[in-house]
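**Q** Task: produce atomic coordinates for the following.
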Amino acid sequence: MSDFLRDYLTVFWFGGTALLLGGLLLGIAAVVRPNRPSYEKLMAYESGVDPVGHGWSQSQIRYYVFALLFVVFDVEAVFIFPWATQLEVYGTFGLAEMGIFVFVLLLGLVYAWKKGVLRWV
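**A** Numbers count the residues shown, from 1 in each chain. Predicted structure coming up:
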C-alpha cells in the first residue's frame, strides 16, 4: 500500500472511531438519563412568557435572498485570496482577469441594489 493511501486510511480510522465514540456516548446518555415528561416541560419556551399563537410562521423570502447574496460575495474572497498571494506570478494577465471577475461581481451587486434586495425592511 502506498503512503498516500495509508494517510487516507489513517483519516478513515480516526473518523470511524470518532463516529463510533459519539454514537456510543449518545446511546449511553439516552439509556441513563431520566425521562419524566410533563406538559410544562414539553411546552415551547419563549423567554419565560407563555407562548401565544401557533408554532409555525412563514419566513419572508427576502431574508433567504439576502443570505444567499452574502454567501456569493463571501465566496468572492476565496477566489481573490489565492490570486493576491501569487500576484507576481500571474502578472498583467492575472490582473486583467481579476478585474473582469470583480467587475462581474459589481454588476451583480448593482443589479441586486436596483431590485431592492439589499433593503433590510
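**Q** rest of the way, CA atoms for contacts and neighbours
**A** Fine.
**Q** Three-state assignment for residue 66, please.
**A** Here residue 66 is recorded as helix under DSSP: H, G, I helix; E, B strand; the rest coil.
**Q** How about the one 5 residues further on?
**A** Three states are possible here, and by three-state DSSP the one that applies to residue 71 is helix.
**Q** count of neighbours near it?
**A** 11 (other CA atoms under 10 Å).
**Q** now do residue 61
**A** Counted with other CA under 10 Å, residue 61 comes out at 8.
**Q** Quick check, pLDDT for residue 29.
**A** For residue 29, the pLDDT comes out at 95.
**Q** Residue 59 now?
**A** So residue 59 comes in at 73 (pLDDT).
**Q** Just confirm it is within a helix.
**A** No - assignment of residue 59 by three-state DSSP gives coil, placing it outside any helix.
**Q** And it, how far from residue 65?
**A** Distance of residue 59 to residue 65, given as CA to CA, to the nearest Å: 12 Å.
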